[in-house]
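Trainee: next comes the sequence, and after it the predicted model I'd like to discuss.
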Amino acid sequence: MADRIRCACQRCMMHGLMGPAVLITLGVLFLLNEWRGDYFGFHYTWPVLLIVIGLIKLAESLSSTEGHGTAAMPPAPDNPGQGR
């Protein structure tokens, strides 16, 4: 699975940002909850998580699909096994 070819288009790259963006947003919300519990409680700020997910999905849908399915891999050698 590690040798799987990854797509190099902008849409797929934006899709790959979803997980890190959600984790960072959750971390910031929980940190704000620890600093200022009542005002920044998670029950008041969870819509921020939905906004971040929506923004990533919007950016993903507006991104270009040029190059979708092509891999950003180095070129293969011309004659494998003949390098002696």
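Mentor: Received it, and whenever you're ready, just let me know what you need.
Trainee: so residue 25 touches residue 55, yeah?
Mentor: No - judged on CB atoms under 8 Å, residue 25 makes no contact with residue 55 at a distance of 10.2 Å. For every residue, glycine as well, the C-beta is placed using N, CA and C.
Trainee: which of these two has more neighbours?
Mentor: residue 25 (18 against 11; other CB atoms under 10 Å).
Trainee: element containing that one?
Mentor: helix 18-35 (DSSP states H and E).
Trainee: contacts for that helix, please.
Mentor: Contact partners of helix 18-35, identified using CB atoms under 8 Å, 6 or more residues apart in numbering, comprise 40-42, 45-46, 48-49, 52-53, 56-57, 60.
Trainee: how near is residue 32 to residue 44?
Mentor: Separation of residue 32 from residue 44 (CB to CB, to the nearest Å) stands at 10 Å.
Trainee: more neighbours: which of the two?
Mentor: Using other CB under 10 Å as the criterion, residue 32 and residue 44 rank with residue 32 on top: 17 against 13.
Trainee: take the contacts of helix 18-35 and write them to JSON lines, including distance to residue 17, secondary structure and neighbour count.
Mentor: Listed next are the contacts of helix 18-35 as JSON lines, based on distance: CB to CB, whole Å; DSSP: H, G, I helix; E, B strand; the rest coil; neighbours: other CB atoms under 10 Å:
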{"residue": "40", "distance to residue 17": "24", "secondary structure": "coil", "neighbour count": "17"}
{"residue": "41", "distance to residue 17": "27", "secondary structure": "coil", "neighbour count": "13"}
{"residue": "42", "distance to residue 17": "22", "secondary structure": "helix", "neighbour count": "14"}
{"residue": "45", "distance to residue 17": "21", "secondary structure": "helix", "neighbour count": "16"}
{"residue": "46", "distance to residue 17": "20", "secondary structure": "helix", "neighbour count": "13"}
{"residue": "48", "distance to residue 17": "16", "secondary structure": "helix", "neighbour count": "16"}
{"residue": "49", "distance to residue 17": "15", "secondary structure": "helix", "neighbour count": "16"}
{"residue": "52", "distance to residue 17": "10", "secondary structure": "helix", "neighbour count": "18"}
{"residue": "53", "distance to residue 17": "11", "secondary structure": "helix", "neighbour count": "14"}
{"residue": "56", "distance to residue 17": "6", "secondary structure": "helix", "neighbour count": "19"}
{"residue": "57", "distance to residue 17": "11", "secondary structure": "helix", "neighbour count": "13"}
{"residue": "60", "distance to residue 17": "8", "secondary structure": "helix", "neighbour count": "17"}
